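K.L.:
Make a model of this:
(4 chains)
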There are 2 protein chains.
Amino acid sequence: MPLGSSTPPPYESDDGGRAAPRARTRPLYRQVRHLLLESLRRGEWMPGTAIPSETELAVRFQVSQGTVRKAIDELASENLLVRRQGKGTFVATHQEPRAQYRFLRLLPDDGTPAATSSRFLECCPQRASAQLADRLGLRTGAPLMYVRRVLLFGDWPRVLDDIWLPAGPFGGLSAERLAQYKGPLYGLFESEFGVRMIRAVEELRAVPSTAEDSAALQVAMGTPLLRVDRVSYTYGDRAIEFRRGHCVTNDCHYWNRLA
Amino acid sequence: MPLGSSTPPPYESDDGGRAAPRARTRPLYRQVRHLLLESLRRGEWMPGTAIPSETELAVRFQVSQGTVRKAIDELASENLLVRRQGKGTFVATHQEPRAQYRFLRLLPDDGTPAATSSRFLECCPQRASAQLADRLGLRTGAPLMYVRRVLLFGDWPRVLDDIWLPAGPFGGLSAERLAQYKGPLYGLFESEFGVRMIRAVEELRAVPSTAEDSAALQVAMGTPLLRVDRVSYTYGDRAIEFRRGHCVTNDCHYWNRLA
DNA sequence: CAGTGGTCTAGACCACGTG
DNA sequence: ACGTGGTCTAGACCACTGC
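P.N.:
Down below sits the predicted model:
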């Protein structure tokens, strides 16, 4: 049954309450976008794999290809999907080198980044303080996993990260799995725990180095450090990580583009 | 004459070199986008005013309305144009409050920003050092205007900005005009000097407060400050400003969204 | 009511990747 | 040769704005 000029849109049809001033129906492509997001959230398509073609999706949702296209356009512009001409549309993944530097904004001053590596100092269960619970959208005392690591540029320690994760999805985390895994942490979250990080909000400050910072980063006490607080989210605005990084910025910097 | 299926695209036509492997023609909507950018750069439409309607532009460029639409979509997503349903498409301006906080990323910790104000300390000609020249894409020794100001949140000084501008467009700048102007600096650049800032790149570091910083910001010497280096650009990737800010981050923070 | 941008459709052809 | 996404067109109708 063809839709279009003479038939009403297939979703969120008109009736229901008679004269009730119903909420205006969202555009079709927004509804399609929502359905795609639901499928992503449910894990119907795994990171790195192709989703159905535009024509297939058009049939499934009973809309035109152009409408599916517009929905996918939005998701691609948010880096949730990746289009590849001639091949298909793929679920974005933290495994591709392409996605690496979207969330690693600290760069050496001299151009290209040296090889980065992690050294994990700690990994243990913890209870959420009121502040942590607030940031993660949990109750005070909720079970968390706590991780401490140092990030090195070449051989030099440059970031000391304290990371808190909800124990729900991340209960199985251990020092061994962390040490064993190569690649970015978000890649591990995605492939080992089925939690895909899609966006984050950061707050930056300059703070003096504490004794702990100084020991881990090999700088004098009181040295100004860049403190980066980050809350990461997965599908549906669900917080999945709070991270506090202390960064040495003598030979590197945090870069940002404003547009 | 209708274009489309049986006729070649109107721009960048096919011929020229016979079998020469000509550079592949850019998509039509990209060419339209380029033409629109040229008109913006030339000042054909001033900030805050409406550009011609999509149908008008389609006639002017001899393409379909959909193609114009796609070009405008891109420029709108880059915040160069602003669509307003029922009214038209407008050239973005730094005057609207909407654009204010795109380039002011330092916020008080307690939610909404108090009234910000500027106090100008200096405004004088200067010659470009090698480093400044490099950042601004000028020759060493090129004439610049130098401005120093303090930005206050409520009554408290929070940012000390050193700003360098090419004397070409900004030769007429003076302490009086700065003091007299109300609103964001980029608004002044746009309305008084015809230079519209459209994007910027920043590098952030933590540094100890110097004597000068401390005097202007009323903090102890050595206090960690957030140093923000910014190069701003106008149409055509032309640098129009280098700015170095030193920010107190005890009761405020630099925020950023990663996606 | 006329004009603007916003949505939706349908169909053609192109460019790319794979078999 | 085939299927994918990418471009381009044409035309319909909707939603908002302002006269």
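K.L.:
Could you tell me the phi and psi values at residue A:248?
P.N.:
phi -80, psi 130 (degrees, to the nearest 10).
K.L.:
quick one: it and residue A:149, what's the gap?
P.N.:
Residue A:248 is 15 Å from residue A:149, where distance means Cβ to Cβ, to the nearest Å. Bear in mind the C-beta positions are built from the backbone N, C-alpha and C, glycine included.
K.L.:
The two: who's more crowded?
P.N.:
Between residue A:248 and residue A:149, counting by other Cβ atoms under 10 Å in any protein chain shown, residue A:248 is the more crowded of the two (24 against 21).
K.L.:
isn't the more buried one right next to residue A:219, touching?
P.N.:
Yes. Between residue A:248 and residue A:219 there is a contact under Cβ atoms under 8 Å: 5.9 Å.
K.L.:
Overlap in contacts, the two.
P.N.:
The overlap between the contact sets of residue A:248 and residue A:219 (Cβ atoms under 8 Å, 6 or more residues apart in numbering or on different chains) consists of residue A:225.
K.L.:
Show me the helices in chain A, by range?
P.N.:
Ranges of helices in chain A, per DSSP state H, are A:28-42, A:54-61, A:65-77, A:97-100, A:130-136, A:167-170, A:175-180, A:185-193, A:211-217.
K.L.:
Let's have those in TSV, adding mean neighbour count.
P.N.:
Below are the helices of chain A laid out as TSV (neighbours: other Cβ atoms under 10 Å in any protein chain shown):
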stretch	mean neighbour count
helix A:28-42	18
helix A:54-61	16
helix A:65-77	18
helix A:97-100	14
helix A:130-136	15
helix A:167-170	17
helix A:175-180	12
helix A:185-193	19
helix A:211-217	16
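K.L.:
and of these, who's closest to residue B:177?
P.N.:
With Cβ to Cβ, the closest approach to residue B:177 among the helices of chain A belongs to helix A:65-77: 39.8 Å.
K.L.:
angle of that closest one against helix A:28-42?
P.N.:
50 degrees (axes from the mean of the first three to the mean of the last three Cα atoms, to 10 degrees).
K.L.:
Quote the end-to-end distance of stretch A:121-138.
P.N.:
25 Å (Cα to Cα, to the nearest Å).
K.L.:
related to what we said a few turns ago, mind telling me which of the helices of chain A the model trusts least?
P.N.:
With a mean of 83, helix A:97-100 has the lowest mean pLDDT of the helices of chain A.
K.L.:
Surely residue A:55 is in contact with residue A:66?
P.N.:
No. Residue A:55 lies out of contact with residue A:66 (Cβ under 8 Å); the separation is 11.1 Å.
K.L.:
give the contact list for the closest residue in space to residue A:199 that isn't next to it in sequence.
P.N.:
For residue A:199, ignoring the flanking residues on the chain, the nearest one in space by Cβ to Cβ, 6 or more residues apart in numbering or on different chains is residue B:259 at 4.3 Å. Residues in contact with residue B:259, defined by Cβ under 8 Å, 6+ apart, are A:78-79, A:102, A:198-200.
K.L.:
from these, which has minimum pLDDT?
P.N.:
Out of the contacts of residue B:259, that is residue A:102, at 94.
K.L.:
For that residue, which non-adjacent residue is spatially closest?
P.N.:
residue B:258 (6.5 Å).
K.L.:
how many neighbours does the one you found have?
P.N.:
Using other Cβ under 10 Å: residue B:258 sits among 17 other residues.
K.L.:
same deal with residue A:118?
P.N.:
Neighbour count for residue A:118, taken as other Cβ under 10 Å: 19.
K.L.:
so it touches residue A:150, yeah?
P.N.:
Yes. The criterion here is Cβ under 8 Å, and residue A:118 meets it with residue A:150 at 7.1 Å.
K.L.:
Same list, the contacts of residue B:259, but as TSV with neighbour count and distance to residue B:254 please.
P.N.:
Listed next are the contacts of residue B:259 as TSV, based on neighbours: other Cβ atoms under 10 Å in any protein chain shown; distance: Cβ to Cβ, whole Å:
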residue	neighbour count	distance to residue B:254
A:78	14	23
A:79	15	22
A:102	15	18
A:198	21	22
A:199	18	18
A:200	20	14
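K.L.:
and of those, the nearest to DNA strand D?
P.N.:
Nearest to DNA strand D among the contacts of residue B:259: residue A:79, at 13.9 Å, using Cβ to the nearest atom of the strand.
K.L.:
right, and that closest one touches residue A:102 too?
P.N.:
Yes. Residue A:79 lies in contact with residue A:102 (Cβ under 8 Å); the separation is 7.0 Å.
K.L.:
ok so, going back, do you know how far the residue nearest to residue A:102 is from residue A:39?
P.N.:
For residue B:258, the distance to residue A:39 equals 24 Å [Cβ to Cβ].
K.L.:
Pull up the gap between the residue nearest to residue A:102 and DNA strand C, please.
P.N.:
To DNA strand C, residue B:258 is 26 Å away according to Cβ to the nearest atom of the strand, to the nearest Å.
K.L.:
Which residues are in contact with that residue?
P.N.:
Here residue B:258 is in contact with A:102-103, A:105, A:199-202, A:230 (Cβ under 8 Å, 6+ apart).
K.L.:
Including distance to residue A:84, could those residues go into TSV?
P.N.:
Shown next, in TSV, are the contacts of residue B:258 (distance: Cβ to Cβ, whole Å):
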residue	distance to residue A:84
A:102	18
A:103	22
A:105	26
A:199	22
A:200	25
A:201	29
A:202	30
A:230	29
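K.L.:
Next step: those residues restricted to strands.
P.N.:
If you go by DSSP state E, these have A:199-202, A:230 in strands.
K.L.:
Generate JSON lines for the residues you listed, with distance to DNA strand C as supplementary columns.
P.N.:
JSON lines is the format used below for the ones in strands among the contacts of residue B:258 (distance: Cβ to the nearest atom of the strand, whole Å):
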{"residue": "A:199", "distance to DNA strand C": "22"}
{"residue": "A:200", "distance to DNA strand C": "27"}
{"residue": "A:201", "distance to DNA strand C": "26"}
{"residue": "A:202", "distance to DNA strand C": "30"}
{"residue": "A:230", "distance to DNA strand C": "32"}
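K.L.:
near DNA strand D, from those?
P.N.:
Among those, no residue sits close to DNA strand D (Cβ under 7 Å from any atom of the strand).
K.L.:
pLDDT score assigned to residue A:183?
P.N.:
Model confidence at residue A:183 (pLDDT) stands at 89.
K.L.:
Please report the distance of it from residue B:30.
P.N.:
Separation of residue A:183 from residue B:30 (Cβ to Cβ): 35 Å.
K.L.:
for chain B, what are the nearby residues on chain A?
P.N.:
A:77-79, A:102-103, A:105, A:198-208, A:222, A:224-227, A:230, A:247, A:249, A:253-259 (Cβ under 8 Å from any Cβ of the partner chain).
K.L.:
Could you check the helices of chain A and tell me which one is nearest residue A:156?
P.N.:
Among the helices of chain A, helix A:211-217 comes nearest to residue A:156, with 9.0 Å by Cβ to Cβ.
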